[in-house]
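**Q** sequence first, predicted model second:
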Amino acid sequence: MDIPWQQGAWTHPPVSAVERGTDLLVTAKEGSDAWRTTSYGFIHDSEHALLAPFPEGSAVEVEFTAGFSDQFDQAGVFVRVSAEHWLKAGVEFADGTCQLGAVVTDGKSDWSLAPVPAWSGSRVLIRVSRSGDALTIRAGAAGGPLQLVRVVPLDPDVEASAGPFTCAPTRAGLTVPFHAWRAVEPDGALH
(Lines give C-alpha, C1' and ligand atoms only; values in the text may rest on other atoms or scores of the structure.)
Protein backbone atom coordinates (compact mmCIF):
# COMPACT_ATOMS: atom_id res chain seq x y z
CA MET A 1 0.00 0.00 0.00
CA ASP A 2 1.44 3.37 -1.00
CA ILE A 3 1.86 5.88 1.81
CA PRO A 4 0.93 9.42 0.68
CA TRP A 5 3.82 11.88 1.03
CA GLN A 6 1.50 14.17 3.01
CA GLN A 7 1.01 11.48 5.67
CA GLY A 8 4.56 11.92 6.99
CA ALA A 9 6.09 14.56 9.25
CA TRP A 10 9.64 15.85 8.71
CA THR A 11 12.22 15.47 11.47
CA HIS A 12 13.91 18.55 9.93
CA PRO A 13 12.40 20.28 6.90
CA PRO A 14 14.49 20.11 3.71
CA VAL A 15 15.24 23.09 1.48
CA SER A 16 12.31 21.92 -0.65
CA ALA A 17 10.06 18.93 -1.18
CA VAL A 18 8.16 19.10 -4.46
CA GLU A 19 5.72 16.53 -5.79
CA ARG A 20 6.19 15.82 -9.48
CA GLY A 21 3.68 13.25 -10.64
CA THR A 22 3.95 10.45 -8.10
CA ASP A 23 7.57 11.34 -7.16
CA LEU A 24 8.74 13.55 -4.31
CA LEU A 25 11.86 15.59 -5.17
CA VAL A 26 13.66 16.43 -1.92
CA THR A 27 16.49 18.99 -1.83
CA ALA A 28 18.70 18.60 1.23
CA LYS A 29 20.32 21.40 3.20
CA GLU A 30 24.09 21.59 3.07
CA GLY A 31 25.48 20.06 6.26
CA SER A 32 22.43 17.90 7.00
CA ASP A 33 23.30 14.57 8.61
CA ALA A 34 22.48 12.05 11.35
CA TRP A 35 25.32 10.81 13.56
CA ARG A 36 26.11 10.48 17.29
CA THR A 37 29.64 10.77 18.66
CA THR A 38 31.52 7.61 17.57
CA SER A 39 34.95 8.25 16.05
CA TYR A 40 34.11 11.82 14.97
CA GLY A 41 33.18 13.21 18.38
CA PHE A 42 30.18 15.22 17.18
CA ILE A 43 26.41 14.87 17.18
CA HIS A 44 24.54 15.71 13.98
CA ASP A 45 20.76 15.71 14.26
CA SER A 46 19.66 17.49 11.09
CA GLU A 47 18.59 14.74 8.66
CA HIS A 48 15.54 15.18 6.46
CA ALA A 49 13.37 12.16 7.35
CA LEU A 50 9.70 11.99 6.42
CA LEU A 51 8.24 9.71 9.10
CA ALA A 52 4.98 7.92 9.89
CA PRO A 53 4.15 5.35 12.60
CA PHE A 54 5.98 2.03 12.18
CA PRO A 55 4.23 -0.66 14.23
CA GLU A 56 5.56 -4.12 15.03
CA GLY A 57 4.48 -6.65 12.40
CA SER A 58 4.90 -4.31 9.44
CA ALA A 59 7.49 -3.24 6.89
CA VAL A 60 8.32 -0.06 5.02
CA GLU A 61 9.79 0.23 1.52
CA VAL A 62 11.33 3.31 -0.07
CA GLU A 63 12.45 3.65 -3.70
CA PHE A 64 14.73 6.45 -4.90
CA THR A 65 17.34 7.18 -7.54
CA ALA A 66 20.91 7.08 -6.22
CA GLY A 67 22.28 9.94 -8.33
CA PHE A 68 25.07 10.79 -5.89
CA SER A 69 28.42 12.43 -6.61
CA ASP A 70 29.73 14.15 -3.47
CA GLN A 71 31.15 12.67 -0.28
CA PHE A 72 28.38 11.40 2.04
CA ASP A 73 25.41 12.17 -0.27
CA GLN A 74 22.81 9.69 1.01
CA ALA A 75 19.20 8.49 0.97
CA GLY A 76 17.15 5.53 2.13
CA VAL A 77 14.95 4.57 5.09
CA PHE A 78 15.13 6.19 8.52
CA VAL A 79 13.66 4.49 11.61
CA ARG A 80 13.37 6.66 14.71
CA VAL A 81 12.59 5.75 18.30
CA SER A 82 14.19 8.84 19.88
CA ALA A 83 17.06 11.29 19.37
CA GLU A 84 19.47 8.68 20.76
CA HIS A 85 17.89 5.54 19.25
CA TRP A 86 17.48 5.37 15.48
CA LEU A 87 18.82 3.79 12.32
CA LYS A 88 19.32 4.84 8.76
CA ALA A 89 19.79 2.37 5.92
CA GLY A 90 20.38 3.09 2.27
CA VAL A 91 22.95 4.21 -0.25
CA GLU A 92 25.70 6.67 0.61
CA PHE A 93 28.44 8.06 -1.63
CA ALA A 94 31.67 7.46 0.31
CA ASP A 95 35.28 7.20 -0.80
CA GLY A 96 34.42 7.80 -4.44
CA THR A 97 31.63 5.24 -4.95
CA CYS A 98 28.10 4.31 -3.96
CA GLN A 99 28.02 2.20 -0.80
CA LEU A 100 25.14 0.17 0.64
CA GLY A 101 25.10 0.68 4.36
CA ALA A 102 23.41 1.16 7.67
CA VAL A 103 24.04 3.35 10.71
CA VAL A 104 22.56 1.95 13.91
CA THR A 105 22.47 4.34 16.86
CA ASP A 106 21.89 3.31 20.45
CA GLY A 107 23.39 6.27 22.30
CA LYS A 108 26.33 6.17 19.88
CA SER A 109 26.38 5.43 16.15
CA ASP A 110 27.99 2.56 14.31
CA TRP A 111 28.37 2.26 10.53
CA SER A 112 28.61 -0.63 8.09
CA LEU A 113 29.24 -0.31 4.35
CA ALA A 114 29.62 -2.46 1.23
CA PRO A 115 30.45 -1.00 -2.20
CA VAL A 116 27.71 -1.09 -4.86
CA PRO A 117 29.24 0.95 -7.72
CA ALA A 118 26.78 -0.50 -10.25
CA TRP A 119 23.93 1.17 -8.34
CA SER A 120 25.19 4.68 -9.15
CA GLY A 121 22.39 6.53 -10.94
CA SER A 122 20.06 3.54 -10.52
CA ARG A 123 16.69 3.24 -8.91
CA VAL A 124 17.15 1.52 -5.51
CA LEU A 125 14.67 -0.14 -3.16
CA ILE A 126 15.29 -0.34 0.61
CA ARG A 127 12.96 -2.46 2.79
CA VAL A 128 12.96 -2.50 6.59
CA SER A 129 10.79 -5.18 8.23
CA ARG A 130 9.78 -4.96 11.87
CA SER A 131 8.93 -8.35 13.29
CA GLY A 132 9.25 -9.59 16.86
CA ASP A 133 12.40 -8.18 18.44
CA ALA A 134 14.19 -7.28 15.19
CA LEU A 135 14.43 -4.97 12.23
CA THR A 136 15.55 -6.73 9.05
CA ILE A 137 17.05 -4.52 6.36
CA ARG A 138 17.11 -5.61 2.71
CA ALA A 139 18.07 -3.67 -0.41
CA GLY A 140 18.48 -4.03 -4.15
CA ALA A 141 18.54 -2.22 -7.43
CA ALA A 142 14.82 -1.80 -8.18
CA GLY A 143 13.49 -4.74 -10.14
CA GLY A 144 16.34 -6.98 -8.97
CA PRO A 145 16.60 -9.34 -6.02
CA LEU A 146 16.85 -7.88 -2.53
CA GLN A 147 19.89 -8.77 -0.43
CA LEU A 148 20.10 -8.93 3.33
CA VAL A 149 21.95 -5.90 4.69
CA ARG A 150 21.58 -6.19 8.44
CA VAL A 151 19.50 -7.49 11.36
CA VAL A 152 19.09 -5.02 14.25
CA PRO A 153 17.49 -5.64 17.66
CA LEU A 154 14.44 -3.55 18.55
CA ASP A 155 12.11 -4.04 21.51
CA PRO A 156 8.72 -5.09 20.07
CA ASP A 157 6.88 -2.85 22.54
CA VAL A 158 8.68 0.39 21.69
CA GLU A 159 6.98 3.06 19.55
CA ALA A 160 8.84 3.85 16.34
CA SER A 161 8.33 5.80 13.14
CA ALA A 162 9.89 5.26 9.71
CA GLY A 163 10.08 6.64 6.20
CA PRO A 164 12.33 8.08 3.49
CA PHE A 165 15.32 10.26 4.37
CA THR A 166 18.14 12.15 2.73
CA CYS A 167 21.22 14.08 3.91
CA ALA A 168 23.91 16.17 2.23
CA PRO A 169 26.71 16.57 4.79
CA THR A 170 29.26 18.17 2.46
CA ARG A 171 27.40 20.20 -0.16
CA ALA A 172 24.42 22.21 -1.25
CA GLY A 173 22.16 21.25 -4.14
CA LEU A 174 21.55 17.53 -3.60
CA THR A 175 18.04 16.70 -4.85
CA VAL A 176 16.87 13.11 -4.44
CA PRO A 177 13.86 11.82 -6.39
CA PHE A 178 11.85 9.48 -4.17
CA HIS A 179 9.60 7.29 -6.31
CA ALA A 180 7.68 5.29 -3.70
CA TRP A 181 6.97 4.93 0.01
CA ARG A 182 5.01 1.81 0.88
CA ALA A 183 3.69 -0.10 3.86
CA VAL A 184 4.04 -3.83 3.13
CA GLU A 185 4.00 -7.14 4.96
CA PRO A 186 7.22 -7.86 6.88
CA ASP A 187 9.63 -10.49 5.58
CA GLY A 188 8.56 -13.93 6.77
CA ALA A 189 12.08 -15.21 7.45
CA LEU A 190 15.71 -14.20 7.29
CA HIS A 191 16.58 -16.72 4.58
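**A** Great, that's in hand.
**Q** residue ranges for the helices of this structure, please.
**A** Taking DSSP state H as the criterion, the chain contains no helices.
**Q** who does residue 162 bridge with?
**A** Judged by DSSP bridges, the bridge partners of residue 162 are residue 52, residue 79.
**Q** show me what contacts it?
**A** If a contact means CB atoms under 8 Å, 6 or more residues apart in numbering, then residue 162 has 51, 52, 54, 60, 77, 78, 79, 80, 128, 130 as its contacts. From N, CA and C alone the C-beta is placed, and that goes for glycine too.
**Q** and residue 176, by the same measure?
**A** Contact analysis of residue 176 by CB under 8 Å, 6+ apart lists 25, 26, 28, 64, 65, 67, 75, 166.
**Q** can we see that at 7 Å?
**A** With contacts defined as CB atoms under 7 Å, 6 or more residues apart in numbering, the neighbours of residue 176 are 26, 64, 75, 166.
**Q** hang on, the earlier thing: as TSV, the contacts of residue 162 with distance to residue 149, neighbour count and pLDDT would be great.
**A** Conversion of the contacts of residue 162 to TSV gives the following (distance: CB to CB, whole Å; neighbours: other CB atoms under 10 Å; pLDDT from 0 to 100):
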residue	distance to residue 149	neighbour count	pLDDT
51	20	21	98
52	22	15	98
54	17	22	98
60	14	25	98
77	10	28	98
78	14	28	98
79	13	25	98
80	18	22	98
128	9	30	98
130	15	23	98
